[in-house]
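> need a structure here:
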Amino acid sequence: MLICVVFCALLPLVPQPGLKKLLVRKLTLQLPAECRIGAVRICPLPLPHFEAKGVSVTGSQFDLQLETLSFDLSLVALLSGKIKFSALQLVDGRFDLSRLPVSGEVLKNGPSSLFPKADFTSLSLSGIDIVLAQIPGFSQSVTFQGAQGKWRLISGRGNERLVLKAAVRGGAVDLAANWFSTAEDDAEKGQENAPETEKNNRLEVLAHLRGVSLTSVIDPDGKSDRGFHEISLKDSNLDLDINGNPGSGLRFTASFDCGNHLVSLYDANGDRAGTLSEGALAIRGSGFFQPEDGYLNLKSALLRLPGGAALFTRGLVRFRKPFFVDLVSHLQVDDFHECCRRLPFVGAFCGPASKGAFTAELKLLGNLFQMPVFKVELKAGELALTPASSSESAPPDSAGKKALRSPGVAPVLARGLAWLAEWNWQVVCDCRIEKLQLGTLQMREVELEARKKPLQLEIERLAAEFGSGGRARLTMVVDDLSDAPRWQASLVAEKIDLAGILKAGLPAGLYDLSLVGEGNVVDGVESTRDLRLEGKWQLRQARLSGWPPYEAFKNYLSGLGRKIWPDRCSGQGQLALRHRVWRFKGMKLTFNRQQSLLAAGRFRSHDKRLDFSGLLQEKTQRQAFHLQGTLDHPLFTAASP
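Next comes the predicted model:
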């Protein structure tokens, strides 16, 4: 009561017209910022304070618009006849911090770094909208709406505490942060010469976000003319615990759950082109972050995706140039069918009938923008992969658009090689699958060892077992991926049912064969015209019975009055493919030691037409012939030698 009496006694000594100028001058000096006040009211109760209406503050790093700003007065200064603020109360307004760097002095030294010349030690918020700096990669700014909270500076020690509650992006945030100065503690221990990093502030943060929704737009290539991705996070919850020295490093533990995420693909015109991923996801992580040197030591991170997929990652990330990562990950997929169904970017390559489970060890080392090394070790028991559905049979996505038609093998190969050329990572792949089904093709004990260098793809070993005892092994090298890819390949197979695998009108039976070849791959969009190849081939053994050309050959021999030749043969020759036309030369099929067929000609794959000339050799007899017609209806005729 005595204080109120003194305040009322001193009140006439303060000229009313000059009171507003006094408050503006003191605010301008303490913040520092350009300040404007609409009106001032003097309030003696419950404690003496001033109340300003229509306040506007414009600083270098923030803007403040308030309906009401209350100035609590220091009672000690008031008894001395002076006006000094002890606390400020911000009521109903907007606090714009969008220009404040996220990694600036506030993180290191606390909110007091915003007001280095202020003598008040407390700041209260009520009904304040706080606009934060835009999060990198997100298209929407983050605003704490109707914030209620308090900041307090503990006088004499430089310690600060901030408590805040607010609504944000459809949800709520609850934040508590403490900044502790260690300088005084060091002085008390006689450590006046302690390193500066040890005298820096210590930071502790507990943050809880509930039901928050955000949208991010990502241009993966940095070229908007290729389209972009949009990531939408709805009903997201985040628990974050941070503690440590902002100068030397911060330890963190984070838990993130998203009720529904959606990753959409947009074309260059801004039209939605499809969905890459959607559904619930969860992330758990902990580690150590060093802001000064810009590196993150990720102790553990667990990402759970729809379809029972989980990715566990640990390692080091350096954010400063040159950007560097050293990450080790474990991927586990328990239900690949569910992944294909709920992750559209997987379903774009694998059809809905795909199923199985697998695990993979992933290692990523180097600068992501300068040819890092990516190693993959995959293991699976049973895995079934089917091609994605065409646009005619596939249902439309949530945007009402149908999936693209699955292209032919040749353009997929050509475009795949072009994609490998643009992807500047080095890749080492090692896969082991006990049982693999590719469409209707059944394989066992599949082994793949491959390497992708900047401009070269090398399949060191691709081996598998087929049917009853059949085996095949492929090696291949593709050079000059960026310009005119050229390949070399070698295939060795034993007891392989080529008719069942290729579905290309070949005779039934088990083949032993050895093929070598080389050629170019030309990017294009139509069938086998996109492939050019040439090389040598060797057929160790094949059964020809039931094959239309062989049945026509038997009829031809019968018309000549000759004995029917065996239905098994071996062979060799050279081949070339140009514009869907297969050309053969130096072709020799040997049926036994005394019977052989020499031929050269061409086969047009688009209409199955044959055009061959050759020579039958049996002991000392020779007979020239022509083979024409189609693969299903071939015709042998005699020709002049």
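> so where do the helices sit in the stretch 301-450 of the chain?
In the stretch 301-450 of the chain, helices defined by DSSP state H, counting those that start in this stretch lie at 336-342, 344-347, 409-422, listed in chain order.
> helix, strand or coil for residue 26?
Following DSSP: H, G, I helix; E, B strand; the rest coil, the label given to residue 26 is helix.
> could you find the closest non-adjacent residue to it?
Nearest residue to residue 26, sequence neighbours excluded (CB to CB, 6 or more residues apart in numbering): residue 85, at 7.0 Å. The C-beta positions use only the backbone N, C-alpha and C, and glycine is treated the same way.
> make sure residue 557 is indeed in a helix.
Yes. Looking at residue 557 with three-state DSSP, it is inside a helix.
> any weak-confidence spans in the stretch 351-500 of the chain?
388-419, 421, 468, 482-484, 499-500 (pLDDT under 70).
> mind doing that once more with 50?
390-410 (pLDDT under 50).
> ditto for the chain
1, 3-4, 12-13, 184-199, 220-224, 390-410, 523-530.
> for it, just list every one of the helices.
2-10, 16-30, 75-79, 105-109, 183-188, 336-342, 344-347, 409-422, 498-502, 548-559 (DSSP state H).
> and the fourth one, what does it pack onto?
Going back to what we said before, that points to helix 105-109. For helix 105-109, the packing partners by 3 or more CB pairs under 8 Å, 6 or more residues apart in numbering; DSSP states H and E come out as strand 201-218.
> what helices or strands is the strand it packs on leaning on?
Using 3+ CB pairs under 8 Å, 6+ apart: strand 201-218 touches helix 105-109, strand 171-181, strand 228-245.
> dump those into a markdown table; add mean neighbour count as well.
Output for these, formatted as a markdown table (neighbours: other CB atoms under 10 Å):
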| stretch | mean neighbour count |
| --- | --- |
| helix 105-109 | 18 |
| strand 171-181 | 18 |
| strand 228-245 | 17 |
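> can you redo those as a markdown table with distance to residue 373?
Below are those laid out as a markdown table (distance: least, CB to CB, whole Å):
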| stretch | distance to residue 373 |
| --- | --- |
| helix 105-109 | 34 |
| strand 171-181 | 40 |
| strand 228-245 | 25 |
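> burial check on residue 270, number of neighbours?
Using other CB atoms under 10 Å, residue 270 has 10 neighbouring residues.
> kindly report the same for residue 92.
Counted with other CB under 10 Å, residue 92 comes out at 13.
> what about it, distance to residue 128?
7 Å (CB to CB, to the nearest Å).
> who touches stretch 562-574?
By CB atoms under 8 Å, 6 or more residues apart in numbering, the surrounding residues in contact with stretch 562-574 are 534-545, 550, 553-554, 557-558, 584-592, 595, 618.
> go again with 7 Å.
536-545, 550, 554, 557-558, 584-592, 595 (CB atoms under 7 Å, 6 or more residues apart in numbering).
> do stretch 423-442 as well
371-387, 443-454, 501.
> buried stuff in it?
425, 426, 427, 429, 430, 431, 433, 435, 436, 437, 442 (16 or more other CB atoms under 10 Å).
> give me the nearest residue to residue 604, chain neighbours excluded.
Nearest to residue 604 is residue 581, by CB to CB, 6+ apart, at 5.3 Å.
> beta partners of that neighbour?
residue 578, residue 604 (DSSP bridges).
> pretty sure it contacts residue 606?
No. Using CB atoms under 7 Å, residue 581 makes no contact with residue 606, being 8.5 Å away.
> which one's more surrounded, the two?
Shown here are residue 581 and residue 606; by other CB under 10 Å, residue 581 has more neighbours (16 against 11).
> what is the burial count for the closest residue to residue 550 other than its chain neighbours?
Nearest in space to residue 550, with sequence neighbours left out and distances taken as CB to CB, 6+ apart, is residue 544 at 3.9 Å. By other CB under 10 Å, the residues close to residue 544 number 21.
> how about residue 544, phi and psi?
phi -110, psi -10 (degrees, to the nearest 10).
> could the buried residues of stretch 423-442 be laid out in TSV, adding distance to residue 269?
Formatted as TSV, those follow (distance: CB to CB, whole Å):
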residue	distance to residue 269
425	30
426	35
427	33
429	36
430	41
431	39
433	41
435	45
436	40
437	39
442	44
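> of the residues you listed, which is the nearest to residue 172?
residue 425 (41.2 Å; CB to CB).
> how close does the closest one sit to residue 296?
21 Å.
> again, but for residue 450
Residue 450 is 31 Å from residue 296, by CB to CB.
> do residue 57 as well
Counting by CB to CB, the gap from residue 57 to residue 296 is 36 Å.
> with residue 453 instead?
29 Å.
> so these two - more neighbours on which side?
Neighbours were tallied for residue 453 and for residue 296 using other CB under 10 Å; the higher tally belongs to residue 296 (18 against 14).
> surely the more buried one meets residue 289?
Yes. Counting by CB under 7 Å, residue 296 sits close enough to residue 289 to count as a contact (5.1 Å).
> can you pull the residues that touch both of the two?
With CB under 7 Å, 6+ apart as the test, residue 296 and residue 289 reach no residue in common.
> tell me where the stretch 451-600 of the chain has strands.
456-466, 470-479, 486-496, 511-521, 531-543, 568-578, 581-592, 595-604 (DSSP state E, counting those that start in this stretch).
> what about residue 145, how many residues nearby?
Residues near residue 145, counting by other CB under 10 Å: 15.
> is it bridged to anything, and to what?
residue 167.
> show me what contacts it?
Going by CB under 7 Å, 6+ apart, the list of residues near residue 145 reads 129, 166, 167, 168.
> and it, how far from residue 238?
17 Å.
> swap in residue 252?
12 Å.
> residue 556 now?
79 Å.
> equivalent analysis for residue 118, please.
For residue 118 relative to residue 238 (CB to CB), the value is 32 Å.
> over to residue 433?
Taking CB to CB, one finds residue 433 at 38 Å from residue 238.
> same check, this time on residue 249
The value you get for residue 249 to residue 238, if CB to CB is used, is 21 Å.
> same question, residue 617
81 Å.
> same question for residue 288.
19 Å.
> one more: residue 178?
19 Å.
> ok, the closest residue to residue 622 other than its chain neighbours - contacts?
Leaving aside its chain neighbours, residue 622 sits nearest to residue 615 (5.8 Å; criterion: CB to CB, 6+ apart). Residues near residue 615 by CB under 7 Å, 6+ apart: 598, 622, 624.
> what does residue 466 give?
Per CB under 7 Å, 6+ apart, neighbours of residue 466: 443, 472, 496, 497.
> any chance of these in CSV, with neighbour count and distance to residue 67 too?
Formatted as CSV, the contacts of residue 466 follow (neighbours: other CB atoms under 10 Å; distance: CB to CB, whole Å):
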residue, neighbour count, distance to residue 67
443, 20, 73
472, 19, 79
496, 22, 83
497, 17, 83
